[in-house]
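Chemist: dropping a prediction and its sequence here:
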Amino acid sequence: MAKHSHTDTSSQDGDEELHRKWNELLQEMRVMQTGAQILAAFLVVLPFQSRFDTLEAPDEIFYLVLLVASALLIIMLVTPVAVHRHFFGQQLKATTVHLGHLVSRFVVLGVGVLVAGCVWFVVQVLHGWQMSLLVGGILMASALFLLLVLPRIVTPRTSLPAE
């Protein structure tokens, strides 16, 4: 039976860590993808509703921005998988994990802004710009705080509190 050197064990531990990180990343992306796809489906069918014809030009532009943003988010969500497929078997897991991490940071924020934007749009169509500025603005500020600011100010805990 051959002995494993310290570097072999470290390499194996590193590979296991990268594999774990990749799996966690994929799970997080699955969660985000579901929300992004539901919103995209909502946006895609919207023009086929009879009331859509009554939108004014600024509303249509707002809608188109939301539609394109939803498509870009879905494409971004599958980008790490495409890169992983391209480098499959080439021992470049660290590259795919790093790229997936970068993409997921943008997608998290993007999905939050998209959700807030969709609500803003619906409120605007139903109740006009004044109400949508209030509701949409508060929701957008909340999304930006929760997804951009809060993760940077939370203090990590090293252990769970005793019950």
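Modeler: Nice, I can see it.

Chemist: right, and L66 touches V44 too?
Modeler: No. In this structure, L66 is not within contact of V44 by C-beta atoms under 8 Å, at 10.8 Å. Backbone N, C-alpha and C define where each C-beta goes, glycine included.

Chemist: pLDDT below threshold where in the chain?
Modeler: For the chain, the stretches with pLDDT under 70 are 1-12, 159-163.

Chemist: where do the helices sit along it?
Modeler: Assigned by DSSP state H, the chain shows helices spanning 6-45, 57-87, 93-144, 150-153.

Chemist: using TSV, lay out the ones you listed together with mean neighbour count and distance to R51.
Modeler: Formatted as TSV, these follow (neighbours: other C-beta atoms under 10 Å; distance: least, C-beta to C-beta, whole Å):
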stretch	mean neighbour count	distance to R51
helix 6-45	14	12
helix 57-87	15	11
helix 93-144	17	8
helix 150-153	8	36
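
Chemist: gap between D13 and P156?
Modeler: For D13, the distance to P156 (C-beta to C-beta, to the nearest Å) stands at 22 Å.

Chemist: what residues are up against F48?
Modeler: For F48, the contact set (C-beta atoms under 8 Å, 6 or more residues apart in numbering) is empty.

Chemist: what's the spacing between it and A41?
Modeler: F48 is 12 Å from A41, by C-beta to C-beta.

Chemist: with A71 instead?
Modeler: 11 Å.

Chemist: check G136 too.
Modeler: 21 Å.
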